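**Q** sequence and computational prediction follow.
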Amino acid sequence: MGEDVREVRILLLEEDAVWRQVLIRSLESRPATFVLASRYDPPSQNPEDAKRYVREFRPHCAIISWGYGFGYRMAPALREEDPHLPVAVLSGHPSEQLEGVGANEVFSKADGLEVIQKIWEFAVMAAEWRRPRLASTRLARP
């Protein structure tokens with residue numbers, strides 16, 4: 001093929017263990033894709049952990065589960081750590097119920113496995129947009 005495969009780093013904060021494993025396996029099967037996900041069940045509820053993941057991993061985007069108020073705690077922490085980080089919400093709720101939550105994109109679990117392709121496309125676009133910015137700047141440390 002000879003095409004230039006660029007790294008795509010995704011921060012995944014998903015509460016549901018089954019969805020988390022499906023997303024990790026499906027996304028990491030793509031070339032040069034790395035998913036940082038909490039392997040704990042449930043993932044840490046501490047927004048400070050989310051901030052630390054952003055500082056250490058320098059993801060191109062974040063995918064956050066919106067169930068049970070989890071996203072309400074994590075999204076602001078991510079934005080505080082890196083205001084330019086593209087954030088997508090993954091939810092079982094209709095997208096119109098999540099308007100105004102501060103996400104760049106809302107994906108529905110009701111789309112089944114088709115949502116994985118949508119997440120992948122979002123991540124690739126985010127990586128292309130963020131790559132030069134991450135290379136030329138350092139994230140502020142508290």
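**A** Here it is on my side, so go on.

**Q** tell me the pLDDT at residue 49?
**A** Looking at residue 49, its pLDDT reads 84.

**Q** again, but for residue 136
**A** Confidence at residue 136, expressed as pLDDT, is 58.

**Q** what's the helix or strand for the nearest residue to residue 103 once chain neighbours are set aside?
**A** Leaving aside its chain neighbours, residue 103 sits nearest to residue 89 (4.3 Å; criterion: CB to CB, 6 or more residues apart in numbering). Yep, even glycine has a C-beta here, placed from its N, CA and C like the rest. Assigned by DSSP states H and E, residue 89 belongs to strand 87-91.

**Q** counting by contacts, list what that strand packs against.
**A** If contacts are counted by 3 or more CB pairs under 8 Å, 6 or more residues apart in numbering; DSSP states H and E, strand 87-91 sits against strand 61-65, helix 70-81, strand 105-108, helix 114-136.

**Q** can you give me how far that strand is from the chain middle?
**A** In terms of CA atoms, centre = their mean, to the nearest Å, the centre of strand 87-91 is set 7 Å apart from its chain centre.

**Q** lowest average confidence across helices and strands of the protein, where is it?
**A** Of all helical and strand segments in the chain, the minimum by mean pLDDT, DSSP states H and E falls on helix 70-81, at a mean of 82.
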